[in-house]
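Undergrad: pasting a predicted model and its sequence here:
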Amino acid sequence: MAHELPPLPYAYNALEPYIDEQTMRLHHDIHHKAYVTGLNAAEEKLALAVQNGDFSAVKALMKEAAFHGSGHLLHCIFWNNMAPPGNGGGGEPTGSLAEKINKDFGSFKNFKSLFTAAANAVEGSGWGILAHRKIDDKLVVLQSEKHQQLTQWGVTPILVLDVWEHAYYLKYQNRRAEYVNAWWEVVNWSNVQLNYDSI
């Protein structure tokens, strides 16, 4: 079954003034859709390669599947990790997620500072990620460059921040740090808690 572009869980302008409507339309309808299309194409070609026993293009196809698949899956998390400011977005986590953040990072302030620094320090395009690492039951902050590089195996992302320029350039131009700071105002901690609970 082909992958599909999921609808946004809120209106295109719901995250304003922190993330503008025009950016959301381009980001979701154009950029995310391109990852879905690319992933479907790569998986169809891989299936044909298996069926025909012809693996001459497997390196290129695996690269395409990794790039587009990572883009699609991370965006699916990203949209739901946000909510309108004052209506689920912003503030701080509570409950077991807050306890885990305090245990693994010392405080929410420490976590937020580390996550912000990691997102700002991604070279070029990529993501800031809060993930659960099952092997030692730890929350870890990671960077991912170009979706599929500079991350870890065996982790489950529960909070992600897209720092590709298409996520912020119309409103913030090259001021990534302003975008990252503004994004905290729309983080949907209820969704992050659900992600944590589902591990």
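TA: Looks like it arrived, so ask away. This is a predicted model, so every value here is computed, not measured. Residues are numbered from 1 along each chain as shown.
Undergrad: need the contact list for Thr156.
TA: Ala131, His132, Lys134, Asn195, Ile199 (CB atoms under 8 Å, 6 or more residues apart in numbering). All C-beta spots, glycine's among them, are computed from the backbone N, C-alpha and C.
Undergrad: tell me the one of the residues you listed nearest Gly154?
TA: Gly154 lies nearest to Lys134 out of those, by CB to CB, at 6.0 Å.
Undergrad: next secondary structure after the strand or helix carrying Ile129?
TA: Using DSSP states H and E, Ile129 maps to strand 126-133. Using DSSP H and E, the next helix or strand after strand 126-133 towards the C-terminus is strand 138-145.
Undergrad: tell me the angle that next one makes with strand 126-133.
TA: Angle, strand 138-145 to strand 126-133, by axes from the mean of the first three to the mean of the last three CA atoms, to 10 degrees: 160 degrees.
Undergrad: mind checking the pLDDT average for strand 138-145?
TA: Computed over strand 138-145, the mean pLDDT rounds to 95.
Undergrad: kindly report the same for stretch 34-43.
TA: 98.
Undergrad: contacts for that stretch, please.
TA: 2-5, 61, 64-65, 67-69, 71-72, 75.
Undergrad: circling back to that earlier point, what helices or strands is the strand holding Ile129 leaning on?
TA: helix 108-120, strand 138-145, strand 155-162 (3 or more CB pairs under 8 Å, 6 or more residues apart in numbering; DSSP states H and E).
Undergrad: between those, which gets nearest to Asn174?
TA: Comparing the helices and strands packed on strand 126-133 under CB to CB, the one sitting nearest is helix 108-120, at 12.1 Å.
Undergrad: quick one, helices of this protein?
TA: Under the criterion DSSP state H, the chain carries helices at the ranges 21-25, 33-52, 58-80, 95-105, 108-120, 169-172, 176-183, 189-197.
Undergrad: of all these, which lies closest to Asp162?
TA: Distance to Asp162, taken as CB to CB, is lowest for helix 58-80 among the helices of the chain, at 5.4 Å.
Undergrad: can you give me the angle that closest one makes with helix 33-52?
TA: 140 degrees.
Undergrad: mind listing what's buried in stretch 82-100?
TA: Neighbour-count burial for stretch 82-100, with 16 or more other CB atoms under 10 Å as criterion, is recorded at Met82, Ala83, Pro84, Pro85, Gly88, Gly89, Gly90, Pro93, Leu97, Lys100.
Undergrad: again, but for stretch 165-181
TA: For stretch 165-181, by 16+ other CB under 10 Å, it's Ala167, Tyr168, Leu170, Lys171, Tyr172, Arg176, Tyr179, Val180.
Undergrad: the residues you listed: which two are farthest apart?
TA: Largest separation among those by CB to CB: Leu170 and Val180, giving 15.8 Å.
Undergrad: would you mind writing the CA trace of stretch 155-173 as PDB?
TA: Extracted C-alpha coordinates of stretch 155-173, given in PDB (Å, rounded to 0.1, in the frame of the first residue of the first chain):
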ATOM      1  CA  VAL A 155      16.100   5.100  19.300                       C
ATOM      2  CA  THR A 156      12.500   6.200  19.000                       C
ATOM      3  CA  PRO A 157      11.900   9.900  18.200                       C
ATOM      4  CA  ILE A 158       9.300  11.500  20.400                       C
ATOM      5  CA  LEU A 159       9.900  15.200  19.600                       C
ATOM      6  CA  VAL A 160      11.400  16.600  16.400                       C
ATOM      7  CA  LEU A 161      12.200  20.000  15.100                       C
ATOM      8  CA  ASP A 162      12.700  20.600  11.400                       C
ATOM      9  CA  VAL A 163      15.600  23.000  10.800                       C
ATOM     10  CA  TRP A 164      15.800  22.700   7.000                       C
ATOM     11  CA  GLU A 165      15.500  26.200   5.600                       C
ATOM     12  CA  HIS A 166      12.200  25.500   4.000                       C
ATOM     13  CA  ALA A 167      10.700  25.200   7.500                       C
ATOM     14  CA  TYR A 168      11.500  28.900   8.400                       C
ATOM     15  CA  TYR A 169      13.100  30.900   5.600                       C
ATOM     16  CA  LEU A 170      10.000  32.900   4.500                       C
ATOM     17  CA  LYS A 171       9.500  34.300   7.900                       C
ATOM     18  CA  TYR A 172      12.900  34.200   9.600                       C
ATOM     19  CA  GLN A 173      15.200  34.300   6.600                       C
END
